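Asker: Quick one, structure for this:
(2 chains)
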Amino acid sequence: MKSEYKSIFERVDDQFNIAYFCTSYQCEIGNGDRVAVRWIFPDLRVQNITFQQFEDASNQCANMLLALGISEGDPVFTFLPRSPELFYFSLGILKIKAIAGILFSNFGEEALLDRLGDSRARILLTTKGFLRKVKAIWNDLPALQKVIVVDLDEHESEAILSFRALMKDASDEFDIPKTEPETPSVIHYTSGSTGKPKGVLHIHKSILRQVDTFRNILSVEDGDVFWCTADPGWVTGVSYGIVAPMSQGITQIQYSGGLKAYVWFDILENEKVNVWYTAPTALRMLMLEDDELFQSYDLGKLKHIFSVGEPLNPSVIDWSRRVLNKDVYDTWFQTETGAIMIANKPGMEIRPGSMGKPYRVKAVILNENGEIQPDRRQGRLCLEPGWHSMFINYLNKVDVYKKKFASGYYDTGDIAYKDESGYFWFFGRGDDVINTSGHLVGPFEIESALLEIAEVIEAGVIGAPDEMLYEKVVAYIRLNPDITWSKAVELKLRLHVSNKLSSLATPQEFLIVDSVPKNKSGKIMRRLLKAWYTGEDVGDISTLEE
Amino acid sequence: MDEIYEKLTDIFREVFDDPEITINPETTADDIEEWDSMSHINLILMVELKFDIEFKQSEVMRFENVGDLAEAVRSKV
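Answerer: Residues are numbered from 1 along each chain as shown, chains lettered A, B, ... in the order given. All right, here's what the predicted structure looks like:
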């Protein structure tokens, strides 16, 4: 292993297990009594959880999973709101070298089915409230053997088990097996412009880059209090909400309530947060509040604010400088990259609107022929493969994975350019994937859901610019001729998408058309829909169906 | 429970696709996992439709809990 990592992980040569570094190692070096997470619940009740408590509880989960027949390489998922149990269980999964999948708690049945089915998940941890959704699709999930329910006091059946009862019977002692760097660790699902979501598979070695960027980009120092607001259902919430801070013995905040400006700023002040990692949409929502609200807070302990998920518009930086007297440093990465790749950081000149500079990776702009483009020429943002947190496959879609590296570089799918000083500037997506409030949603999934409604004959879905969400979901609909558009029809479509996929995927705007434009092979011309929406030149439409 | 709360309960159950949801005046988005800013729009649309009323944007922003929503409905029906 490269010497630069020796200072981060003394034992990195013989043990790469992420959960080992997050709990066992912390206890070995004397951090057992240190608070790992100050958990703030929606009612503002606070629970301090030490590294030793995480070690014991995740050991119990590891033993529980082994007793249930889970072994190395088996996919095990969680589907529940952000909670301590989610952390214990996920770390337990990693300890036995099974693969951890954390599903966003807002997913509907279709979104669940796609992910649990594709991964062939064997065990799922959920709550009583979500069990109904799971039961509705369980018949279509032959690999799913057991569902463990966090808030059930007793086992309901042989297949529906009580987490509490299982924990009572599980030992809190567990020896983590030696884990090679290439051992699969975590799977995150990400949406594409066509087909179902893809399972992005990561390995234990990813911890190296997550920690490197935690220390050297997010600039978190020993003794700091860190707060990453991302939900663990997304890559940021795992890489920087679990792995990086815990493996570094850093005390972090987890808040499981929603975004309320006064609550968030109470947390920043009262918890003496030093480094805050959040998202542009959250910052834009905070900007809606009166400046006076923020000026009443003492943020003297807050050293740095970082953002991730969508481009950070200069107005947010201006607001933060004016109201909070702080810079906001934008960072860029993807589910596939596993950790920050391009970033702004303290000590570096911020060029508002820029993604920043590549960190320990070669980034290039390629044209469609795979040729490197000169400065200021737009093209596909690509990365030289080989970074430690690089994904190793799309589950069951190796052809798609290989295609991503066809040029010899990893093709991010983003369109960008580089300036003469080495700063990268994001322009947009090279495909039809929609980035709404920092989350990628696939138009194909939404179109499919809309077509399940009898009132809809055709549907074409695009992302359109939005001041708050960066992009909003817009659906062009051709209605059944017997139907008249009404609030009731709109509500029916919205509820169907929300409950089948997730609220994030719900169209914010419906436009009724006589037909949805398709090319001669029947593919929806979303480019044309976007041009209609924005009023831009529609470009070449020679392939448009008659 | 009065008629408005009974009707609101049905609406919550339909919007959040959960037949077991119970609400009271103190219920907030923190109590219902699926209740976020996006699904809030679904909720408001459904309330407007079922009670045959309309809210102004400024009213919608002020709802802190179910009690606020119920009082706003009561003032319009």
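Asker: And the strands in the stretch 151-300 of chain A?
Answerer: Using DSSP state E, counting those that start in this stretch, the strands of the stretch 151-300 of chain A run over A:160-162, A:184-190, A:198-203, A:225-228, A:251-255, A:275-278.
Asker: Flag every residue of chain B that's near chain A.
Answerer: B:14-20, B:28-31, B:33-34, B:36, B:38-39, B:41-42, B:45-46, B:48-49 (C-beta under 8 Å from any C-beta of the partner chain). (Glycine included, C-beta is placed from N, CA and C.)
Asker: Can you tell me the closest non-neighbouring residue to residue A:251?
Answerer: residue A:35 (5.0 Å; C-beta to C-beta, 6 or more residues apart in numbering or on different chains).
Asker: which helix is the longest one in the chain?
Answerer: Unless you meant another one, I'm taking chain A. helix A:51-67 (DSSP state H).
Asker: um, chain B though
Answerer: Max-length helix for chain B by DSSP H is helix B:37-51.
Asker: so which residue of chain B comes closest to chain A?
Answerer: Chain A sits closest to residue B:30 of chain B, with a gap of 3.4 Å, by C-beta to the nearest C-beta.
Asker: I'd guessed that residue sits against residue A:44; true?
Answerer: No. Checked against C-beta atoms under 8 Å, the pair residue B:30 and residue A:44 is beyond contact range at 9.8 Å.
Asker: Mutual contacts of these two, please.
Answerer: Here residue B:30 and residue A:44 share the contacting residues residue A:257, scored by C-beta atoms under 8 Å, 6 or more residues apart in numbering or on different chains.
Asker: Could you pull out the buried residues of the longest helix of chain A?
Answerer: By neighbour count on 16 or more other C-beta atoms under 10 Å in any protein chain shown, the buried set for helix A:51-67 is A:51-66.
Asker: any residues touching it, and which ones?
Answerer: Contact partners of helix A:51-67, identified using C-beta under 8 Å, 6+ apart, comprise A:19, A:22-24, A:26-27, A:31-34, A:36-37, A:76, A:84, A:87-89, A:91-93, A:95-96, A:98, A:123, A:166-167, A:169-174, A:176, A:246, A:249.
Asker: The next helix or strand after it close to chain B?
Answerer: Using DSSP states H and E, the helix or strand that directly follows helix A:51-67 along the chain is strand A:75-79. No. Using C-beta under 8 Å from any C-beta, strand A:75-79 never reaches chain B; the gap is at least 10.6 Å.
Asker: May I have the strands that pair with strand A:75-79, each with its orientation?
Answerer: Strands adjacent to strand A:75-79 in the sheet, as given by DSSP bridges, are strand A:99-103 (parallel), strand A:123-126 (parallel).
Asker: any chance of those in a markdown table, with mean pLDDT and mean neighbour count too?
Answerer: Shown next, in a markdown table, are the strands paired with strand A:75-79 (pLDDT from 0 to 100; neighbours: other C-beta atoms under 10 Å in any protein chain shown):
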| stretch | mean pLDDT | mean neighbour count |
| --- | --- | --- |
| strand A:99-103 | 98 | 25 |
| strand A:123-126 | 98 | 26 |
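Asker: Quick check: which of those strands is nearest to residue A:458?
Answerer: Nearest to residue A:458, of all the strands paired with strand A:75-79, is strand A:99-103, at 30.4 Å by C-beta to C-beta.
Asker: Do any residues in whichever helix or strand comes after that closest one lie close to chain B?
Answerer: Reading on from strand A:99-103 to the C-terminus, the next helix or strand found by DSSP H and E is helix A:109-119. No. Helix A:109-119 lies apart from chain B when judged by C-beta under 8 Å from any C-beta; the minimum separation is 8.6 Å.
Asker: Helix A:109-119 - what's its average pLDDT?
Answerer: The average pLDDT within helix A:109-119 is 96.
Asker: Measure how that helix sits relative to strand A:198-203, angle-wise.
Answerer: Angle between the axes of helix A:109-119 and strand A:198-203 is 50 degrees (criterion: axes from the mean of the first three to the mean of the last three C-alpha atoms, to 10 degrees).
Asker: Residue A:49: what's its closest spatial neighbour, skipping adjacent residues?
Answerer: Leaving aside its sequence neighbours, residue A:49 sits nearest to residue A:37 (C-beta to C-beta, 6+ apart; 4.8 Å).
Asker: One more: residue A:301?
Answerer: Residue A:301 sits nearest to residue A:272 (C-beta to C-beta, 6+ apart), 4.2 Å away.
Asker: Return the distance of that neighbour relative to residue A:193.
Answerer: Distance, residue A:272 to residue A:193, by C-beta to C-beta, to the nearest Å: 43 Å.
Asker: which SSE is the residue of the stretch 1-150 of chain A found nearest chain B in?
Answerer: In the stretch 1-150 of chain A, the residue that lies nearest chain B is residue A:42 (3.4 Å; C-beta to the nearest C-beta). If you go by DSSP H and E, residue A:42 is not part of any helix or strand.
Asker: before we move on, back to that, who's more crowded, residue B:30 and residue A:44?
Answerer: Between residue B:30 and residue A:44, residue B:30 has the larger neighbour count (other C-beta atoms under 10 Å in any protein chain shown), namely 18 against 13.
Asker: dump the residue contacts of the nearest residue to that one once chain neighbours are set aside.
Answerer: Of all residues not flanking residue B:30 in the chain, residue A:42 sits nearest, at 3.4 Å (C-beta to C-beta, 6+ apart). With contact taken as C-beta under 8 Å, 6+ apart, residue A:42 is in contact with A:256-258, B:28, B:30-31.
Asker: quick one: which two of the residues you listed are the most distant?
Answerer: Among those, A:256 and B:28 lie farthest apart (C-beta to C-beta), at 13.2 Å.
Asker: Residues touching the lowest-mean-pLDDT helix or strand in chain B, excluding its own?
Answerer: When the helices and strands of chain B are compared on mean pLDDT, DSSP states H and E, helix B:57-62 comes out lowest with a mean of 81. The contact list for helix B:57-62 (C-beta under 8 Å, 6+ apart) reads B:40, B:44, B:68, B:72.
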